[in-house]
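>>> Got a predicted structure plus its sequence, pasted below:
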Amino acid sequence: MLLQTIDDVISTLTTIVKDCEQAKNRSGYFAALYKRMTIAVKDGMDKGAFMDADRMGKLDVVFASRYLNAYDAYNKNETCSTSWKYAFDGCINESLTVIQQLILGINTHINLDLAIASAVVAPGDSIHKLEVDFNRINDVIASLFDDVQQCLEDVWLPMKFLKKVGKTQQTNVLNFSVGAARKTAWANAIILAGMNQNQQQAYIQQMDSAVYHIAQKIIHPGFLESTLMKTIRMTEFDDVARTIKLIDTTVVN
């Protein structure tokens, strides 16, 4: 999938969200969240929120291409990374809560794709010049995820109990922390930026394996947490299209 601008990314995501809404495909949950994130990043670029808007535009395209290429490959029954395949398989799992399915996508995209994209856009020592904008784009991800969780809580009261699962000062639901994930992603970006192509390929395989194991814990977080997830899942709406629309717009008619 050839993308050249952030507008191309938004257009492609819009098509995926609409297709998933019509097909009642749970892959649309993350796609809708990601569309909102990308629009927020573009808005930040237009308002001068980033130190280097041109570089941020390139990063967004490379970053998004990894997800979109994986999505395309998965739906064509072609090979994609182990962690993305597991995340997309999770969209078929009707026993998972909406939040679990969102986190599966966020986990792979931040912990795997963001580090790789950053090293591509800023190879070698130039990676250090990216750090400030790297953190700013992650702030956008974290804020939007919190916003979507709040929207879902407004529709399904039991979703509020998710905040009690593994809650610490810096963690979100299911012991998953966007803050911790981005620290790991940045550390991996620095490592990848200093490697040659062969070294990068080997290291990316290790990263993919690690992200896959995190994803397994998101689906199987432990007995008590799994029991709570089952209880919450029983209270959720089963209208996939409505949920996608909620995440995409925060407005449900």
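Nice, I can see it. Numbers count the residues shown, from 1 in each chain.

>>> give me the low-pLDDT residue ranges for this protein?
Applying pLDDT under 70 to the chain flags the ranges 1, 138, 141-180, 225-226, 228, 250-253.

>>> all strands of the chain, in order?
In the chain, no strands are defined using DSSP state E.

>>> Geometrically speaking, which residue is the centre of it?
By Cα atoms, centre = their mean, the chain has its centre lying nearest to residue 106, at 2.5 Å.

>>> Identify the residues contacting stretch 20-32?
13, 16-17, 19, 71, 87-88, 91-92, 98, 101-102, 104-106, 109, 240-241, 243-245, 247-248 (Cβ atoms under 8 Å, 6 or more residues apart in numbering). (Each C-beta comes from the backbone N, C-alpha and C, glycine too.)

>>> Please check those and keep the buried ones.
For these, a burial check counting by 16 or more other Cβ atoms under 10 Å picks out 13, 16-17, 71, 87-88, 91, 98, 101-102, 104-106, 109, 240, 243-245, 247-248.

>>> that older thread, filter the contacts of stretch 20-32 down to the ones in helices?
Mapping the contacts of stretch 20-32 onto helices (DSSP state H) picks out 13, 16-17, 19, 71, 87-88, 91-92, 98, 101-102, 104-106, 240-241, 243-245, 247-248.

>>> could you measure the nearest residue to residue 112 once chain neighbours are set aside against residue 56, distance?
Spatial nearest neighbour of residue 112, excluding adjacent residues (Cβ to Cβ, 6 or more residues apart in numbering): residue 211 at 4.8 Å. Residue 211 sits 24 Å away from residue 56 when distances are taken as Cβ to Cβ, to the nearest Å.

>>> I appreciate the help and will end here.
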